[in-house]
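Chemist: My questions concern the predicted model and sequence given below.
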Amino acid sequence: MDACTGCGLKIEGGAVACQELFDEFRVREAADLAPSYAATRLTVDIYCLQHPERYCVSAKSLAAHLTGLAWALEHGGSDKGLRALQRWLNGRVDITKPPIPQPRGDMTIGDIHTVPDRESYLAAVDRWARSTWTAYSSLHPIAEQWIDQALGQA
Ligand SMILES: [Zn+2]
C-alpha cells in the first residue's frame with residue numbers, strides 16, 4: 001500500500017490520491033457539512049499544514065496556515081483577528097521559515113472524509129485540528145510571535 005508523503009495516510013496512489021480525497025471532501029463540505037466559511041477555512045489550513053511540501057513552501061504560506069490554525073484553536077477564531085492576519089500577510093513580512101515537524105498528527109483526511117453529517121463533521125474537524133496543532137508544537141512559539149506581529153500592526 002502506498003502512503004501519502006505529506007500526511008502519511010495509507011492510500012493506493014499516495015499523495016495524488018490523498019489530494020483527490022480532499023478535493024472530493026471539499027465539495028461535500030461546502031455543499032452539506034460546513035455551517036460557515038470559517039469552518040471550511042480551517043480544513044484548508046489543516047490540510048496544508050499536513051502537506052507542507054506542496055502548500056507551505058514559502059515562509060508566508062506557512063505563516064498563513066499556521067496562524068490560521070492557532071487563531072482558531074488558541075484565540076477563539078474571531079473574524080476581526082482573521083482580517084488582521086490577512087492584512088499582515090498581504091504586506092511586506094520579514095519572517096524566516098522554521099523547520100517543519102514530522103510526523104504531522106495521527107489524524108488525516110482519511111479519518112474525516114466519511115463523516116455522515118454536520119455534527120460529526122464539526123467534532124471530527126476539531127479533533128483533526130487539535131491533533132495537527134499538537135504535531136506542530138515545536139512551532140507554537142513562532143505562531144504566537146507572528147500573531148503578535150499581525151495584531152500589533154492592526
Ligand atoms: Zn496526505
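Modeler: Received it, and whenever you're ready, just let me know what you need.
Chemist: May I see the buried residues of the one helix or strand in the chain whose mean pLDDT sits lowest?
Modeler: The weakest-scoring helix or strand in the chain, judged by mean pLDDT, DSSP states H and E, is helix 37-50 (a mean of 91). By 16 or more other C-beta atoms under 10 Å, the buried positions in helix 37-50 come out as A39, R41, L42, T43, V44, D45, I46, Y47, C48, L49, Q50. C-beta here means a position set from N, CA and C on the backbone, and glycine is covered the same way.
Chemist: Pipe those into TSV and attach distance to the ion per row.
Modeler: Listed next are the buried residues of helix 37-50 as TSV, based on distance: C-beta to the ion, whole Å:
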residue	distance to the ion
A39	20
R41	19
L42	17
T43	13
V44	14
D45	15
I46	11
Y47	8
C48	11
L49	11
Q50	6
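Chemist: What is the nearest of those to S120?
Modeler: A39 (13.2 Å; C-beta to C-beta).
Chemist: roughly how far apart are that closest one and A129?
Modeler: Per C-beta to C-beta, to the nearest Å, A39 is found 10 Å from A129.
Chemist: before we move on, what about R87?
Modeler: Remark: distance between R87 and A129 (C-beta to C-beta) = 23 Å.
Chemist: and what of S61?
Modeler: In terms of C-beta to C-beta, S61 sits 18 Å off from A129.
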